Structure formats: structure tokens, C-alpha cells
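Q: I'll drop the sequence and a predicted model, then ask my questions.
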Amino acid sequence: MKIGLQLGYWGAGPPEGTAEIVDAAEERGFDSVFAAESWGSDAFTPLSWWGSRTSRVRLGTSVAQLSARSPASCAMHALTLDHLSGGRCVLGLGVSGPQVVEGWYGAPFAKPLARTREYVAVVRQVLAREAPVRAAGPHHPLPYDGPGSTGLGKPLKPITHPLRADLPIWLGAEGPRNVAQTAEIADGWIAVYFSPKVAGTYADWLAEGFARPGARRTREEFEVAAGAQVVVTDDPAAERARLKPSLALYIGGMGAPGMNFHAELFRRMGYPDAVEDISRLFAAGERDRATAAVPDELVDDIAIIGDAEHVRSRVAEWERAGVDTLLVGCRDPEQVATISSALHLGSAADNEQALRG
């Protein structure tokens with residue numbers, strides 16, 4: 001299994017010490033560095049800025065939101081980063097949710113699967129650079145000929161020749177139809193809140209997509225990346241408590257009533273009653289009680305917390321469950337070193353020094 005560093009998205013300002021964390025990930029054997037976006041910082045600029053310090057790790061978006069840019073614009077971002085990094089870009093895409101899409105980007109959320117399929121097809125046309133880009137729409141028509149059109153739009157090929165026509169496109173997906181479509185049209189899947197206990201269900205959804213006529217990849221050619229908090233510690237209870245406020249936010253506050261994809265995911269995982277309690281308390285403004293309602297077992301399902309032996313065992317379990325790349329968040333270079341040592345990613349000398357220090 002490959003280990004990647006998940007930088008996430010910013011809060012009120014740029015997080016301190018990120019450059020040193022990225023340096024440590026490169027030095028300690030991490031395979032990749034990923035950045036996210038929500039409605040503040042973007043995903044591409046941090047990868048360009050901090051990725052310029054690296055020479056080996058892959059640089060990925062997890063995820064770039066479809067409504068943030070047109071597909072042609074997104075392809076421009078990806079091909080630029082790919083050139084600057086020497087072919088290390090991974091383009092992770094996702095639809096986000098209706099609150100962000102309609103509230104922040106001012107675009108309709110309807111038909112997310114169809115929009116994703118069209119978006120990916122346009123990006124691939126740009127990267128292939130075989131002909132001027134054309135798309136029938138209806139979501140991303142090129143050239144545009146709808147209301148307000150001058151009728152002067154011209155199909156274009158990118159001026160810059162993309163470094164790789166097959167630059168990998170991964171999709172963030174949670175529901176059964178979205179995951180199946182991901183297996184059909186993408187090169188990889190970014191799983192949010194993955195748990196080995198539901199790996200069989202995910203495998204079935206993926207298999208449906210791989211079996212479709214014209215599917216782009218086989219399972220052997222496809223990469224499953226899962227985000228997880230990995231903490232090597234002798235005090236797992238404290239680490240669970242640190243993660244619960246974020247989980248309460250995603251379960252209770254990152255969606256609308258009746259349309260919260262994260263909440264639905266945890267229902268499928270076996271926590272319908274907890275999801276109901278967390279959602280009700282969060283909606284009532286009782287965030288502390290919502291946090292307290294997050295079960296320890298739920299945290300342990302989606303995070304890997306414990307001593308080095310336990311972490312190694314759980315990571316192996318996730319690998320057996322079908323995860324090819326584990327994306328982990330790290331607070332500082334020391335956590336990078338500790339994870340690297342526990343999983344034997346770096347050199348023997350580096351691992352021994354980290355365990356001593």
C-alpha cells in the first residue's frame with residue numbers, strides 16, 4: 001500500500017509549518033501529497049507552491065470541485081501543474097454538495113452523475129489534444145450556443161501541448177451509482193470515510209462499473225485511495241476525542257436535511273441511530289452534545305489509532321479490503337516520521353532515529 005499526505009483545505013488562514021510537513025513526507029517515503037478545497041482556499045495553488053519543493057511525490061487534488069471551474073479551465077490547471085511537476089499531477093474531482101454548489105458557486109446541483117460524466121469527457125478531450133474540443137452538452141456545451149450566445153464561439157485545441165494525455169483522473173464518490181460510474185469512467189476512486197467493514201459493498205459497486213461496456217480500466221489498473229486519520233499513540237482515547245468535533249460537523253452540518261451524503265454513508269456503515277442523534281443536536285446548535293454523541297466505535301471504523309503494532313495491523317487490514325493508497329493527515333513533521341517508521345516507509349536509519357526521538 002502507498003501512503004499519501006492529505007493537506008486538506010485551509011481554515012481562516014494558511015496553516016503554519018506545511019512546507020516542513022511536505023518536506024518530511026518527501027523524505028520519509030510518502031508516495032503523494034494531496035490538497036483539497038471547500039469554499040476558501042483552492043486545491044491547485046498549494047500543490048504548485050509546496051509541491052515545488054519536491055521532486056518525487058505525486059501531487060493530487062482531493063478534490064477539485066466541478067462547479068468551481070469549467071472543464072476546459074480545470075484541464076488547463078491540471079496540464080499546467082503536470083508540466084511544472086514533471087508528470088506528477090493526479091486530478092481528483094468531485095461534485096461537492098448542493099449547499100456549496102448552489103450557495104457558493106451559484107450553479108445548479110441537479111444531475112450530478114450526468115454532469116460528472118460530461119465534465120470528465122471534456123477534460124479528456126483537452127488532454128488528448130487530438131482535435132478542437134467539442135461537447136454537445138447539455139451541462140458543458142462547447143462551443144456555447146445557448147441564451148446570450150454571440151454565435152461566434154470557435155472550437156479550440158489547447159495552445160500548450162499536455163505532457164500526458166492519460167493524466168490520471170480520480171473521482172470522489174460516496175453513493176452506489178456514483179461509485180459505479182467512477183469505476184466506469186475514471187482511473188481511480190477517492191473514498192471518503194472508508195471502512196473495511198463495508199469493503200464488500202464498495203467492491204460490488206466498483207465491479208458494476210468495471211463490467212460496463214467501454215469501461216476505462218480493470219480493477220488491476222484502477223487505484224482506490226482512502227482518506228484516514230492515522231495516529232501512532234499510547235493514548236487512543238485522547239485522539240478519538242480530537243477527531244469527534246470534525247465528524248459531528250460532517251455528519252450533522254455538511255449537508256441539508258434529507259441530502260447529506262456523509263450522513264448517509266455512516267447510516268450504511270451501521271450507525272443510523274447515532275446519525276439521527278448527531279444531526280438533531282447539530283441542527284439545534286448543540287455542537288458539544290453532537291460531538292459527544294459520536295460513538296468511539298464509529299471513530300475506530302474510519303480512523304487508525306493506536307501503538308505502532310496496532311497501526312501496522314490496521315493498515316494491513318485496509319490493504320486487504322482493497323485500498324491501494326491511504327491518504328493521511330499529519331499535524332507536524334514528527335507525525336510524518338512516526339507514521340513512516342511504524343509502516344517502514346523510510347530507510348532503516350531514518351526509522352530507528354524516529355523511534356528513538
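A: Looks like it arrived, so ask away. Numbers count the residues shown, from 1 in each chain.
Q: quick one: secondary structure of A316?
A: The three-state assignment at A316 reads helix, by DSSP: H, G, I helix; E, B strand; the rest coil.
Q: Read off the pLDDT value for it.
A: In this prediction, A316 carries a pLDDT score of 97.
Q: Now do stretch 315-328: everything it contacts.
A: Stretch 315-328 is contacted from outside by 1-6, 31-32, 34, 62, 190-191, 194, 196, 199, 202-203, 223-230, 304, 339, 343, using CB atoms under 8 Å, 6 or more residues apart in numbering. Any C-beta I mention is one placed from the backbone N, CA and C, and that applies to glycine too.
Q: what's the following helix or strand after the helix or strand hosting V230?
A: Taking DSSP states H and E as the definition, V230 sits inside strand 223-232. The C-terminal neighbour of strand 223-232 among helices and strands, as given by DSSP H and E, is helix 236-252.
Q: From P112, how far out is F261?
A: Using CB to CB, to the nearest Å, we find F261 at a distance of 10 Å from P112.
Q: out of these two, which sits in the more crowded spot?
A: Each of F261 and P112 has its neighbours counted (other CB atoms under 10 Å); P112 has more, 24 against 19.
Q: Isn't the more buried one up against N178?
A: Yes: applying CB atoms under 8 Å, one finds P112 in contact with N178, separated by 7.4 Å.
Q: Tell me where the model's unsure across this protein.
A: Along the chain, the model assigns pLDDT under 70 to residues 255-259, 347-357.
Q: center of it, which residue is that?
A: When CA atoms, centre = their mean is applied to the chain, the residue found nearest the centroid is S62 (3.2 Å).
Q: hmm, back to that, run the chain-centre distance for the strand holding V230.
A: Its chain's C-alpha centre and that of strand 223-232 lie 10 Å apart, by CA atoms, centre = their mean, to the nearest Å.
Q: quick one: strands adjacent to it?
A: Strand 223-232 sits in its sheet next to strand 188-191 (parallel), strand 303-306 (parallel), strand 325-328 (parallel), going by DSSP bridges.
Q: In a markdown table: those strands, plus distance to W318 and mean neighbour count.
A: Below are the strands paired with strand 223-232 laid out as a markdown table (distance: least, CB to CB, whole Å; neighbours: other CB atoms under 10 Å):
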| stretch | distance to W318 | mean neighbour count |
| --- | --- | --- |
| strand 188-191 | 10 | 26 |
| strand 303-306 | 7 | 22 |
| strand 325-328 | 6 | 25 |
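Q: Adding distance to L79, write those strands out as TSV.
A: As requested, the strands paired with strand 223-232 are arranged in TSV below (distance: least, CB to CB, whole Å):
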stretch	distance to L79
strand 188-191	18
strand 303-306	35
strand 325-328	22
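Q: Can you tell me which of these is nearest to A24?
A: strand 325-328 (12.4 Å; CB to CB).
Q: And the contacts of the next helix or strand after that closest one?
A: Later in the chain than strand 325-328, the nearest helix or strand by DSSP H and E is helix 333-342. Helix 333-342 is contacted by residues 3, 5, 17, 20-21, 23-25, 28-30, 230-232, 308, 311-312, 328, 330, 345-346, 350-351, 354-355, 357 when judged by CB under 8 Å, 6+ apart.
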